[in-house]
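Engineer: any chance you can model this:
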Amino acid sequence: MAGLGVFEVSDATFEQEVLQSEQPVLVDFWAVWCGPCKAIGPIVDSIAASYAGKLKVAKVNVDENGAAPSRYGIRGIPTLLFFKGGKVADQVVGYVPQEVIEEKVKRLLA
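Structural biologist: Got it, this is the predicted structure:
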């Protein structure tokens, strides 16, 4: 379900792909059955395309991976976590317009 420039990340690859990433990372925690996740998906894909080379964009399916979501206290989805230098720098819970996410991405990259 990941679009162009969006990586599927699992509990096994989370540390390497997200926490050890040289670039800031936007992680989308989602599930197949989640309506708002489907709605925010194209926005996440579009951000991945717009910021390719500057921002890494990853998706974690919460039904298939329990460790990463519980480690970061994910209770509602979609949740977007913004990582910089292996730490959470910002987050969005639930569906929000693209401008809100773009604003957070710009702050993350500033």
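Engineer: what ranges do the strands span in this protein?
Structural biologist: Counting by DSSP state E, the segments of the chain that form strands are 6-8, 25-30, 56-61, 79-84, 87-93.
Engineer: could you give the mean pLDDT of the first one?
Structural biologist: It stands for strand 6-8. Across strand 6-8, the average pLDDT comes to 93.
Engineer: repeat for the fourth one
Structural biologist: Taken as a whole, strand 79-84 carries a mean pLDDT of 98.
Engineer: quick one, it and strand 87-93 angle?
Structural biologist: Strand 79-84 and strand 87-93 meet at an angle of 160 degrees, taking axes from the mean of the first three to the mean of the last three Cα atoms, to 10 degrees as the criterion.
Engineer: name the helices or strands packed onto strand 79-84?
Structural biologist: strand 25-30, strand 87-93, helix 98-109 (3 or more Cβ pairs under 8 Å, 6 or more residues apart in numbering; DSSP states H and E). To be clear about C-beta, it is placed using only N, CA and C from the backbone, and glycine gets the same treatment.
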